[in-house]
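[1] For reference, the sequence and a predicted model appear below.
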Amino acid sequence: MALHKVSDEEAFALLRKSSQDLNVKIADLASTVVQRHGKGLSS
């Protein structure tokens, strides 16, 4: 959300679309995103 400056609904829609396109469970994709990009971002 911080990187793309989108709302929580838009971020979830992007995550859902990527999950479907990549045929990866959304929870697994979300975990990967947090591991790779979550460091250094404050909540």
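    Structure's in. What do you need?
[2] What average pLDDT does stretch 10-22 get?
    Stretch 10-22 carries an average pLDDT of 95.
[3] In this protein, mark out all the strands, start to finish.
    Taking DSSP state E, the chain contains no strands at all.
[4] could you pull out the helices for it?
    8-22, 26-37 (DSSP state H).
[5] would you turn those helices into JSON lines with mean neighbour count?
    For glycine as for every other residue, the C-beta is placed from the backbone atoms N, C-alpha and C. Formatted as JSON lines, the helices of the chain follow (neighbours: other Cβ atoms under 10 Å):
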{"stretch": "helix 8-22", "mean neighbour count": "12"}
{"stretch": "helix 26-37", "mean neighbour count": "12"}
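[6] I'd like those written out as a markdown table, with distance to Met1 added.
    A markdown table is the format used below for the helices of the chain (distance: least, Cβ to Cβ, whole Å):
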| stretch | distance to Met1 |
| --- | --- |
| helix 8-22 | 5 |
| helix 26-37 | 10 |
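[7] And the pLDDT at Ser7?
    Reading off the model, Ser7 has pLDDT 93.
[8] What's the local residue count around Val24?
    Val24: 13 surrounding residues under other Cβ atoms under 10 Å.
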